[in-house]
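K.L.:
Sequence unavailable; structure follows:
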């Protein structure tokens, strides 16, 4: 019998954990896993990296009985892929059907057909499924709230929880126990609390690269190219990260190690998964540390380490996107300043023969090829701008000063570079230099403004959410 089986994890799920290299030696795990496996309520405190949830999820699924019941996991929209990567191998080992619902359309059909034992989705999509009568909360026997501190709208939880059976197991995964305490009190009464959170920042410094979770491997390769260390250790929490990196890094490079336990001393330590405070102390002892963190995890890195130094990775995509933003801004100014009436008349016959979008694309290609050969794409006297969408508005009491403070303090954007701030009922739009808006979105996403955790993204001009 394996160590995980001794913690009441079923044999197939125990084998899946052992294949990942997850060890049950951590005292908090020895509390959390059997609690989950017995169907009791649980709060797991860990870094905002879904890999830390694998053991507790395996315990929960060991208690789950397929047929007539359902497990639902709710997570923030930007983290769906990350949580799916952890849940998928466990569902496969347990022989359970998994549905990852980004929209209610496909999930409605799958749920009605009984093809989804496990549903991973956002609170908003879950509420849509309930309203379509595709998801019946009274049939849910296991519910996991994954990082509720990052939910765009926690109010969606109330109508979901009202029909949940009082006997249903509730597990809360969080990186901010103090923020999630109220949710745990309301929805996971008498829950065991297990795990480790930063109480005080770890002494020392680390560089922080803001990178989407799915781009971690390419970010590691870029860091090795940019910093060119004589030796490097890349730390991941389990073998899932090792397999990911093995497909990206050069095979046979003896100067680069990928490890899951204590890190070997090196000229550069890259934490591919966010570490706990105790793990970070060991990494710092081994050498200079770089942390890879998604945009929503910036608050955790601020609490984790005393001194954090943002590090940006240059790339061809960033340069191309910046040039495209400049060109788009030039076109917008032309449309706003002087409607091209004469040009429309000249092109009207083409619009009748071809799709207007294709005509516009052909003209854009002709224009950019001429511009590249003759002159810069935009006048330096008129900086290109873009808009940042921030999910907080008048109904939350937000003001332009709140947005100004967040941008200057967290995103380090010069106050003079910030343009018009539109505070609307449900959200805000902030005009920024085009080259700064992606970075600002990554840094503002997940911040607390007016005691509300906000989401932020580049405004593409679509329908407001």
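P.N.:
Nice, thanks for sending it over. Since the model is a prediction, treat every value here as computed from it, not as a measurement.
K.L.:
In space, what's closest to residue 107 - neighbours in sequence excluded?
P.N.:
residue 101 (3.6 Å; C-beta to C-beta, 6 or more residues apart in numbering). Backbone N, C-alpha and C define where each C-beta goes, glycine included.
K.L.:
Isn't the one you found up against residue 129?
P.N.:
Yes. Here residue 101 reaches residue 129: they are 7.2 Å apart, a contact under C-beta atoms under 8 Å.
K.L.:
Give me the below-cutoff pLDDT ranges for this structure.
P.N.:
1, 27-28, 66-68, 179-180, 250-252, 314-326, 368-383, 461-465 (pLDDT under 70).
K.L.:
Please enumerate the helices of the stretch 151-300 of the chain.
P.N.:
157-161, 177-187, 216-227, 239-246, 277-286, 298-304 (DSSP state H, counting those that start in this stretch).
K.L.:
now those helices as CSV including mean neighbour count?
P.N.:
Below are those laid out as CSV (neighbours: other C-beta atoms under 10 Å):
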stretch, mean neighbour count
helix 157-161, 16
helix 177-187, 16
helix 216-227, 18
helix 239-246, 17
helix 277-286, 17
helix 298-304, 20
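K.L.:
Let's have those helices in TSV, adding distance to residue 44.
P.N.:
Shown next, in TSV, are those (distance: least, C-beta to C-beta, whole Å):
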stretch	distance to residue 44
helix 157-161	18
helix 177-187	10
helix 216-227	22
helix 239-246	18
helix 277-286	16
helix 298-304	15
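K.L.:
looking at those helices, which is closest to residue 35?
P.N.:
Nearest to residue 35, of all the helices of the stretch 151-300 of the chain, is helix 177-187, at 13.8 Å by C-beta to C-beta.
K.L.:
That closest one - contacts with which helices or strands?
P.N.:
strand 42-45, strand 140-146, helix 157-161, strand 169-174 (3 or more C-beta pairs under 8 Å, 6 or more residues apart in numbering; DSSP states H and E).
K.L.:
Identify the residue spatially nearest to residue 329, adjacent ones excluded.
P.N.:
Nearest to residue 329 is residue 384, by C-beta to C-beta, 6+ apart, at 3.6 Å.
K.L.:
For the nearest residue to residue 257 once chain neighbours are set aside, give the beta-bridge partners.
P.N.:
Leaving aside its sequence neighbours, residue 257 sits nearest to residue 233 (C-beta to C-beta, 6+ apart; 4.8 Å). Beta-bridge partners of residue 233, counted by DSSP bridges, are residue 257, residue 269.
K.L.:
quick one, what contacts residue 233?
P.N.:
Contact partners of residue 233, counting by C-beta atoms under 8 Å, 6 or more residues apart in numbering, are 256-259, 263-266, 268-270, 286-287.
K.L.:
Make a PyMOL selection of whichever of those turn out to be buried.
P.N.:
Buried residues among those (16 or more other C-beta atoms under 10 Å), as a PyMOL selection:
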select buried, resi 256+258+259+263+266+268+269+270+286+287
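K.L.:
Switch the contacts of residue 233 over to JSON lines; also include distance to residue 419.
P.N.:
Shown next, in JSON lines, are the contacts of residue 233 (distance: C-beta to C-beta, whole Å):
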{"residue": "256", "distance to residue 419": "44"}
{"residue": "257", "distance to residue 419": "47"}
{"residue": "258", "distance to residue 419": "44"}
{"residue": "259", "distance to residue 419": "46"}
{"residue": "263", "distance to residue 419": "44"}
{"residue": "264", "distance to residue 419": "48"}
{"residue": "265", "distance to residue 419": "48"}
{"residue": "266", "distance to residue 419": "44"}
{"residue": "268", "distance to residue 419": "39"}
{"residue": "269", "distance to residue 419": "40"}
{"residue": "270", "distance to residue 419": "36"}
{"residue": "286", "distance to residue 419": "45"}
{"residue": "287", "distance to residue 419": "42"}
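K.L.:
Closest one of the contacts of residue 233 to residue 418?
P.N.:
residue 270 (33.0 Å).
K.L.:
which other helices and strands contact the one helix or strand residue 109 maps to?
P.N.:
According to DSSP states H and E, residue 109 maps onto helix 104-112. Secondary-structure packing of helix 104-112 (3+ C-beta pairs under 8 Å, 6+ apart): strand 98-101, strand 118-121, helix 123-131.
K.L.:
Just the buried residues of that helix, please?
P.N.:
Those buried within helix 104-112 under the rule 16+ other C-beta under 10 Å are 104, 107, 108, 110, 111.
K.L.:
now what about stretch 152-170, what contacts it?
P.N.:
By C-beta under 8 Å, 6+ apart, stretch 152-170 touches 36, 39-42, 60, 63, 74, 76-77, 122-124, 126-127, 130, 136-138, 140-145, 148, 151, 183, 186-188, 191, 391, 455.
K.L.:
Pull out the buried positions in that stretch.
P.N.:
Buried, per 16+ other C-beta under 10 Å, within stretch 152-170: 152, 154, 156, 157, 160, 161, 164, 168, 169, 170.
K.L.:
cool, stretch 115-134 as well?
P.N.:
Buried residues in stretch 115-134 (16+ other C-beta under 10 Å): 116-130, 134.
K.L.:
Can you tell me which of these is closest to residue 4?
P.N.:
For the buried residues of stretch 115-134, the nearest to residue 4 is residue 118 (19.5 Å; C-beta to C-beta).
K.L.:
Can you get me a residue count around residue 30?
P.N.:
By other C-beta atoms under 10 Å, 16 other residues sit near residue 30.
K.L.:
got the angle between the helix or strand it falls within and strand 140-146?
P.N.:
Assessed by DSSP H and E, residue 30 sits inside helix 27-37. Counting by axes from the mean of the first three to the mean of the last three C-alpha atoms, to 10 degrees, helix 27-37 points 150 degrees away from the direction of strand 140-146.
K.L.:
Can you give the distance from helix 27-37 to the centre of its chain?
P.N.:
Here helix 27-37 is found 26 Å from its chain centre; the criterion is C-alpha atoms, centre = their mean, to the nearest Å.
K.L.:
Select the longest strand from this structure.
P.N.:
strand 202-210 (DSSP state E).
K.L.:
before we move on, back to that, farthest pair in the buried residues of stretch 115-134?
P.N.:
Longest span within the buried residues of stretch 115-134, C-beta to C-beta: 117 and 124, 21.9 Å.
K.L.:
if we can go back for a sec, between residue 101 and residue 129, which contacts overlap?
P.N.:
107, 119, 121.
K.L.:
Quick check, the second one in contact with residue 108.
P.N.:
No. With contacts defined as C-beta under 8 Å, residue 119 does not count as touching residue 108, sitting 11.2 Å away.
K.L.:
Quick check: neighbours shared by those two?
P.N.:
With C-beta under 8 Å, 6+ apart, residue 119 and residue 108 have common neighbours residue 129.
K.L.:
thought residue 151 was touching residue 453?
P.N.:
Yes. If you go by C-beta under 8 Å, residue 151 and residue 453 touch, sitting 7.5 Å apart.
K.L.:
picking up where we left off before, between the contacts of residue 233, which sits nearest residue 339?
P.N.:
residue 270 (52.1 Å).
K.L.:
contacting residues around that closest one?
P.N.:
220, 223, 232, 233, 234, 235, 289, 290, 292.
K.L.:
what about it, distance to residue 264?
P.N.:
12 Å (C-beta to C-beta, to the nearest Å).
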